[in-house]
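Asks: Here is my input, please return the structure:
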Amino acid sequence: MARGQLTTLQLMKKTLQRYAVDSFKGFSIKRLLFDHSGLGFMASALFLCEIVLNVAIVNLVNYTEIDWKAYMQEVEGVVNGTYDYYQLKGDTGPLVYPAGFVYIFTILYYLTDHGKNIQMAQYIFAGFYLLVLLLVFRIYMKTKKVPPYVLAFLCCTSYRIHSVFLLRMFNDPVAMMFLYAALNLFLDSYWTAGSLFYSFAVSIKMNILLFAPALLLAYLTSLGLQGTVIQLAVCASLQVVLALPFILTNPVAYLMRAFDFGRVFLFEWTVNWRFLPEWLFVNRNFHILLLVIHAILLLAFYSYWKVCLQSFARMKHVEKDLKVQMKKSKNKVDMSVTARLFLLPLFTANFIGIACSRSLHYQFYVWYSHSLPYLLWSVPFSSTFRLCILGILELCWNVFPSTNLSSAVLQICHLVILYGLYNNREMATKK
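Replies: As a prediction, this is how the structure comes out:
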């Protein structure tokens, strides 16, 4: 080989080595943390960290009894043959959740030695937590809405969410687990399966109904009137089947207790309205005002949601053809925008309901914590400002008991997010 050729080969080798090093650096800094191609790696790494963290919490942090014992007492009544909701109660009061709650926590009752094996229950809820994380990560990977580093704010940084799952074992995260499963099914066009999971989530806790206005619109735009009627029938039928033993025993008791929309929460537990005087908080007119504001906000977003969901329906119709064409050319189909068009209305509808809620308790944080990054990255705030909002919200939810300042700041953050979503509706799906 000639001397000139050898020199050229050596130069090429050095160039390739330098390129490889630069590429690795680019991957570790830019792609891993900031590029959407790093979402899968980041999600996998965080999931492994969460397994270790969950085990550590269960074994090293003291469990706090709040509602678990009452849950077990409530379902024990059913186990003993009582199906009259007026007769089912625990130390914290009567059973006020629909039938799905009874079935889920009856299973837990048997798996945990009638509720006595607390550590076993905690490990089961750790499994729930990890499953929720997988479902949420899948949503974020499908939408490519946030950079990979933001996924850490969905899990590792939240003390309150870990507490709700592992140290308190409320029913709220169980309901959200089925809700996120339903959203994944809807995104994959499994409408009937999604409706079953959605309805089952409602049967565990009624806060899931906050998604209903946007979901109804999604049914109408994607499936038409006939398809919508079918999906509503699926949802209703599951509710009837689950509730049948209780309805046959005392239908009035079941409906009044399981779907009590007029329940008034205690002022001492409120996280969002602590800065109000108690006489105003319990005033019926205040509750009506919040309901009116809720309805007005839903109407204000209606036309935009309709455009989003109509676009989602059209893109879904051509998605299969695109996949076939791209498969032949061995290229991948990026349908992240399609997923965004569906999720933004649902997450926004839920957020509006929470912002207008009569009272938020600490466990209610799980109702929207996993969707907050999605909403914040749907408006043109700076990344620094978005992260500040996430941090402030986490701090507000960790102040116990809530104070005038923490509750006021929480509501201000809610208003900022609502303002951003409303004033930048046309830009929300472009990033």
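Asks: use CA for all of it now, contacts and neighbours both
Replies: Fine.
Asks: moving C-terminal of the longest helix along the chain, what's the next helix or strand?
Replies: For the chain, the longest helix by residue count, based on DSSP state H, is helix 284-328. On the C-terminal side of helix 284-328, the nearest following helix or strand under DSSP states H and E is helix 336-355.
Asks: And for that following helix, what's in contact with it?
Replies: 142-145, 187, 210-215, 218, 294, 297-298, 305, 308-309, 311-312, 315-316, 360, 368, 371, 375, 411, 414-415, 418, 429-430 (CA atoms under 8 Å, 6 or more residues apart in numbering).
Asks: could you point out which element follows it?
Replies: helix 372-376.
Asks: Let's see that next one as CSV, backbone CA atoms only.
Replies: What follows is helix 372-376, C-alpha atoms only, in CSV (Å, rounded to 0.1, in the frame of the first residue of the first chain):
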residue,chain,number,x,y,z
LEU,A,372,-49.6,18.4,34.4
PRO,A,373,-46.3,18.2,32.3
TYR,A,374,-48.4,17.5,29.2
LEU,A,375,-50.6,20.5,29.8
LEU,A,376,-47.7,22.8,30.6
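Asks: tell me which element G81 is part of?
Replies: G81 is located outside every helix and strand, with elements delineated by DSSP H and E.
Asks: Check it and give its pLDDT.
Replies: Note for G81: predicted pLDDT of 95.
Asks: and the gap between Y109 and E74?
Replies: Remark: distance between Y109 and E74 (CA to CA, to the nearest Å) = 10 Å.
Asks: Compare neighbour counts for those two and give me the winner.
Replies: E74 (26 against 22; other CA atoms under 10 Å).
Asks: quick one: contacts for F267?
Replies: F267 neighbours (CA under 8 Å, 6+ apart): 274, 278, 281-282.
Asks: Helices along the stretch 51-200 of the chain, start to end?
Replies: 68-79, 99-111, 118-143, 159-162, 172-187, 191-202 (DSSP state H, counting those that start in this stretch).
Asks: elements contacting the shortest one?
Replies: If contacts are counted by 3 or more CA pairs under 8 Å, 6 or more residues apart in numbering; DSSP states H and E, helix 159-162 sits against helix 383-398.
Asks: before we move on, what about the longest one?
Replies: In terms of contact count using 3+ CA pairs under 8 Å, 6+ apart, helix 118-143 is assigned the packing partners helix 39-60, helix 99-111, helix 172-187, helix 336-355.
Asks: Figure out which of those helices is closest to V241.
Replies: Across these, V241 has its closest neighbour in helix 99-111 (9.4 Å, CA to CA).
Asks: Report all helices and strands that that closest one contacts.
Replies: Secondary-structure packing of helix 99-111 (3+ CA pairs under 8 Å, 6+ apart): helix 68-79, helix 118-143, helix 191-202, helix 212-249.
Asks: deepest of the ones you listed, which one?
Replies: Highest mean neighbour count of these: helix 191-202, a mean of 23 (counted as mean count of other CA atoms under 10 Å).
Asks: Residues in contact with stretch 416-426: which ones?
Replies: With CA under 8 Å, 6+ apart as the criterion, stretch 416-426 contacts 301, 304, 352, 375-376, 378-381, 428.
Asks: For that stretch, C-alpha coordinates in PDB please.
Replies: Provided in PDB are the C-alpha atoms of stretch 416-426 (Å, rounded to 0.1, in the frame of the first residue of the first chain):
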ATOM      1  CA  VAL A 416     -51.900  30.400  35.100                       C
ATOM      2  CA  ILE A 417     -52.300  27.000  33.400                       C
ATOM      3  CA  LEU A 418     -55.900  27.700  32.400                       C
ATOM      4  CA  TYR A 419     -54.900  31.100  31.000                       C
ATOM      5  CA  GLY A 420     -52.100  29.500  28.900                       C
ATOM      6  CA  LEU A 421     -54.400  26.800  27.600                       C
ATOM      7  CA  TYR A 422     -57.200  29.200  26.700                       C
ATOM      8  CA  ASN A 423     -55.100  31.900  25.000                       C
ATOM      9  CA  ASN A 424     -52.900  29.600  23.100                       C
ATOM     10  CA  ARG A 425     -55.400  27.000  21.900                       C
ATOM     11  CA  GLU A 426     -54.300  27.200  18.300                       C
END
